[in-house]
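Enquirer: sequence first, then the predicted structure:
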Amino acid sequence: MTKSNQQNCFTFTLTSTQAERLRDICERRGFVPYAVNYARYAFHANGFNLVMYNSGKLVLQGKEAAEFVTFTIEPQITQVFSLGNEEVFHEEWFNPHAGLDESGKGDLFGPVVTACVIAGGNEVRALRTIGVKDSKAIASARAALELEKEIRKISGIVIEVMTLSMAKYNELHGRFGANLNRLLGWMHACSLKNALKRRYVADGLLDQFSKAPIVQGFLKRDFPNFDLRMRTKAESDPVVATASVIARAEYIRQMEKLSEVAGISLPKGAGKAVIEAGRKIFEKEGSDGLAKYSKVHFKTFSEICGTNLGKEEKEGNDKPVDLDDLLEM
């Protein structure tokens, strides 16, 4: 968003979906439409004018424009609070809480990494200041690593990360009934449990990866009253977004180490480039060698090796695995 020095003229860039949502709001509020060249629509409102151009540019001008931006555009359309109203519309962001996310789940090469961050108040304000956002929106590995450095400088923030060697990851995947979600849930529980020992908070938010309350089940014994909520796209919460950055940065480091050992650059994902890299390793080191860098339960692993080693993920009622027993392994 940009604004004029008089703070009565504001411009935004909206997606087509956002533009249509805004049109619906204007019509429901009885704003008066009028014609503007090259505009998708335009309205006279109470104290300001609004023009949505075909290019995607939205312009609001008038003495009441700031109020419309504060109470309508930012909370209902863009979900970006450039006028400093985050604490009005998202008070929950600033209450001390835990945020959990992971990286590497969908990649053949490299382990899964879970991260838990506990922050609130001034820590969240600092996170917003340095531009923390969902790691998927960060353009490069270098940018993610640099942002992680800035995050770790913030006083009061608690960060806990869990990752496993490839050998341990593949072993535990089998012990969890060949169920990646159960293994991932246990790892999240480990990260969260360690973070809560350092700074206890009453609740947290998990970027949802399963409909079942897997993490909650692992936490019940030690933190029975902890309220762990979960939803998709939870990275809109800045503490969860911070966890996503931390997890991605650690996954990047793990991949760099594995690439150095393998002698080739290991790509992310499970597509063509991954298969080509995997075949190079397989031709040189065989399936056991490939397993040193790969998640062996992936179908891509079986495709590279020409075997049926890869297994389908199952959502079953597997026998519970004791969290502390595994930590001692």
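Expert: Cool, got the structure.
Enquirer: domains in this protein, as residue ranges please.
Expert: 2-86, 92-255, 257-305 (automatic domain parsing).
Enquirer: which of those sits most buried?
Expert: Comparing these by mean neighbour count (mean count of other Cβ atoms under 10 Å), domain 92-255 ranks first with a mean of 20. From N, CA and C alone the C-beta is placed, and that goes for glycine too.
Enquirer: now the end-to-end length of it.
Expert: Domain 92-255 has an end-to-end distance of 35 Å (Cα to Cα, to the nearest Å).
Enquirer: off-centre distance for it?
Expert: Mean-position distance between domain 92-255 and its chain equals 9 Å (Cα atoms, centre = their mean, to the nearest Å).
Enquirer: same thing with stretch 293-310?
Expert: On the basis of Cα atoms, centre = their mean, stretch 293-310 sits 27 Å off its chain's mean C-alpha point.
Enquirer: about what we covered before: adding mean pLDDT, write the domains of the chain out as TSV.
Expert: Shown next, in TSV, are those (pLDDT from 0 to 100):
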stretch	mean pLDDT
domain 2-86	87
domain 92-255	93
domain 257-305	93
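Enquirer: so residue 181 is in contact with residue 210, correct?
Expert: Yes. Judged on Cβ atoms under 8 Å, residue 181 makes contact with residue 210 at a distance of 4.5 Å.
Enquirer: next up, the contacts around residue 185.
Expert: Counting by Cβ atoms under 8 Å, 6 or more residues apart in numbering, residue 185 touches 210, 214, 215, 217, 218.
Enquirer: let's see it at 7 Å
Expert: Going by Cβ atoms under 7 Å, 6 or more residues apart in numbering, residue 185 touches 214, 215, 218.
Enquirer: ok, then the element right after the longest helix along the chain?
Expert: Longest helix in the chain by number of residues, with DSSP state H as the criterion: helix 238-262. Next in sequence after helix 238-262, counting helices and strands by DSSP states H and E, comes helix 272-291.
Enquirer: how far away is residue 208 from residue 183?
Expert: Residue 208 sits 16 Å away from residue 183, taking Cβ to Cβ, to the nearest Å as the criterion.
Enquirer: no, scratch that, I was asking about residue 103
Expert: 15 Å.
Enquirer: can you list the helices and strands that the longest helix of the chain packs against?
Expert: For helix 238-262, the elements it packs on are strand 97-103, strand 113-119, helix 122-129, helix 141-152, strand 158-162, judged by 3 or more Cβ pairs under 7 Å, 6 or more residues apart in numbering; DSSP states H and E.
Enquirer: what does the fourth one contact?
Expert: For helix 141-152, contacts defined as Cβ under 7 Å, 6+ apart pick out 127, 130, 132, 135, 138, 157, 159, 242, 245-246, 248-249, 252.
Enquirer: got JSON lines for the residues you listed, with distance to residue 21 too?
Expert: Listed next are the contacts of helix 141-152 as JSON lines, based on distance: Cβ to Cβ, whole Å:
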{"residue": "127", "distance to residue 21": "28"}
{"residue": "130", "distance to residue 21": "30"}
{"residue": "132", "distance to residue 21": "26"}
{"residue": "135", "distance to residue 21": "27"}
{"residue": "138", "distance to residue 21": "26"}
{"residue": "157", "distance to residue 21": "34"}
{"residue": "159", "distance to residue 21": "36"}
{"residue": "242", "distance to residue 21": "28"}
{"residue": "245", "distance to residue 21": "29"}
{"residue": "246", "distance to residue 21": "33"}
{"residue": "248", "distance to residue 21": "30"}
{"residue": "249", "distance to residue 21": "34"}
{"residue": "252", "distance to residue 21": "36"}
